[in-house]
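J.: fold the following, please.
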Amino acid sequence: MNAPAPANGPPRIVAVICNVGLVLMTAVSFGTCCKYGCQSNHISQDAGYGLALVSGLLGLFMTLVATVIFIMHLRKSSSATNILGLIASLGIGLASSLATPFFWIAAASSSGIGVMGGWGRPLRIGRRAVTPGVKASSEWAKGPRPIVNSLDEEVRGVLRDLWLHDARKEHASVPAFGQVAWQLVALGAPSDLVRRAHISCLQEIDHAERCFALASTYAGHDLGVQAMPALSVGTASLPKDRTRALVKVAIEALIDGALLEDYNAELARTALADVRDTAAREALVRIVHDEAEHAALAWDIIAFCLTEGGAPVANALSSTFSKFGDHAESLYDPDLVRRIDALSDKTPLYAHGRVRFEMAQPVFQSRKAAAAEKLATLLRTQEIERNRVAA
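T.: Numbers count the residues shown, from 1 in each chain. All right, here's what the predicted structure looks like:
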């Protein structure tokens, strides 16, 4: 005997609303993934993973609701509308429940170290790299000024935005190294490491002033930075567990210092072959020298963390390095890249200290290979020392 069909079921409009909601959830997560996914400025990892979990559960719930509604209506009438509605609900629901969490996780993922655009150590708020806003101000534009008489307006605009991009990165590196110094003191690091971290802060101030002076001259008026209230939240905090704290500091030193700053130093060095403007050359020479010092500091911080933390730190470093991408990617705004590509003659850019984009990939490959060798040697040395002490 067949069970009687329910007299009334939830209206199909509820199922339609669920399906529309699933499509919107997927679209939002996909858009965020396209904008931030596998970039150095990805969204917070905690936020990405949290949204992935919530969207996955919500997607399954909305799929279940829509599916049950159409099944209930099918029991009353096997119309084409109900059949198609059930098929659509299952298809949309399953696709959204699988794709949406993936997009959120991708939006919180970094591409590793293969990035080009600006020098200095990234300033991270959580997992996101941040830079200051810009305003009209002469407080940071204190370096040598370039000669711009022979440049047309379009080239000056591109140079302004390129050097302004770098200036903001360099400015953000000042508190970034302040965080490094704070963390080293918290871990009881040797005074030499703490001193060099503070020296790095002063070097980044010099870099920022030089870059702002260059950008200001190309702009035709002085440019500086806005306040950064995001820094008031205390982002230098470390895990209470000492081993986890050492892992965190070691990984940040590997990503932001040993790899990124070494890569940036070598990339800036390639621009010295073309630069003709005196002020731009002075800035590049200083950047090349100082960024190389910062990379050396990072390797020494890694060695300290390995000595103090042992195998857990070594394993974390190996795992992190294995996840780095193999391609250099641009951090510049896509519109700025298009403006650069549209220039019929890019020689003035190179004469004023800008890097040839085609150099990014070979430089990245060479520096990644060098870092791999250096890390392997360091890990091997530390393992031998640990075995010696254990014996």
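
J.: switch to C-alpha atoms for all contacts and neighbour counts from now on
T.: Noted.

J.: am I right that Arg124 is in a strand?
T.: Yes: with DSSP: H, G, I helix; E, B strand; the rest coil as the criterion, Arg124 is part of a strand.

J.: any idea whether His165 is helix, strand or coil?
T.: Following three-state DSSP, we place His165 in the helix state.

J.: per-residue pLDDT, it?
T.: His165 is assigned a predicted lDDT (pLDDT) of 94.

J.: what's the spacing between it and Glu266?
T.: 19 Å (C-alpha to C-alpha, to the nearest Å).

J.: low pLDDT regions in the stretch 101-250 of the chain?
T.: Residues of the stretch 101-250 of the chain meeting the criterion pLDDT under 70: 108-119, 126-127, 233-236.

J.: how about a cut-off of 80?
T.: Counting by pLDDT under 80, the stretch 101-250 of the chain has low-confidence residues at 106-120, 124-129, 230, 232-237.

J.: mind listing the helices for it?
T.: 153-186, 191-219, 242-252 (DSSP state H, counting those that start in this stretch).

J.: got a markdown table for those, with mean neighbour count and distance to Thr320 too?
T.: As requested, the helices of the stretch 101-250 of the chain are arranged in a markdown table below (neighbours: other C-alpha atoms under 10 Å; distance: least, C-alpha to C-alpha, whole Å):
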| stretch | mean neighbour count | distance to Thr320 |
| --- | --- | --- |
| helix 153-186 | 22 | 19 |
| helix 191-219 | 23 | 23 |
| helix 242-252 | 21 | 7 |
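
J.: domains for the chain, by residue range?
T.: The chain resolves into domains spanning 12-107, 117-390 when parsed by automatic domain parsing.

J.: circling back to that earlier point, for Ala66, which of the helices of the stretch 101-250 of the chain is the nearest?
T.: Closest of the helices of the stretch 101-250 of the chain to Ala66 is helix 242-252, at 44.5 Å (criterion: C-alpha to C-alpha).

J.: now for that closest one, which elements pack on it?
T.: helix 278-309, helix 311-322 (3 or more C-alpha pairs under 8 Å, 6 or more residues apart in numbering; DSSP states H and E).

J.: hey, least reliable of those by pLDDT?
T.: The bottom spot among those, by mean pLDDT, belongs to helix 311-322, with a mean of 93.

J.: about what we covered before: tabulate the helices of the stretch 101-250 of the chain (JSON lines), appending distance to Val68.
T.: As requested, the helices of the stretch 101-250 of the chain are exported to JSON lines (distance: least, C-alpha to C-alpha, whole Å):
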{"stretch": "helix 153-186", "distance to Val68": "53"}
{"stretch": "helix 191-219", "distance to Val68": "60"}
{"stretch": "helix 242-252", "distance to Val68": "47"}
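
J.: do you know which of those lies nearest Val337?
T.: helix 153-186 (9.3 Å).

J.: tell me the buried residues in stretch 264-282?
T.: Within stretch 264-282, the residues that count as buried by 16 or more other C-alpha atoms under 10 Å are 264-272, 274-275, 277-282.

J.: stretch 337-353 too?
T.: For stretch 337-353, by 16+ other C-alpha under 10 Å, it's Ile340, Pro348, Leu349, Tyr350, Ala351, His352, Gly353.

J.: now stretch 18-37
T.: 18-19, 21-23, 25-27, 29-30, 32-33, 36-37.

J.: and Leu306, what does it touch?
T.: Ala250, Val313, Ala314, Leu379, Gln382 (C-alpha atoms under 8 Å, 6 or more residues apart in numbering).

J.: oh, that last question was meant for Ile17, not what I typed.
T.: If a contact means C-alpha under 8 Å, 6+ apart, then Ile17 has no contacts.

J.: which stretch of helix or strand covers it?
T.: Using DSSP states H and E, Ile17 falls within helix 12-36.

J.: mean confidence for that helix?
T.: 85.

J.: after that helix comes which helix or strand?
T.: helix 45-76.
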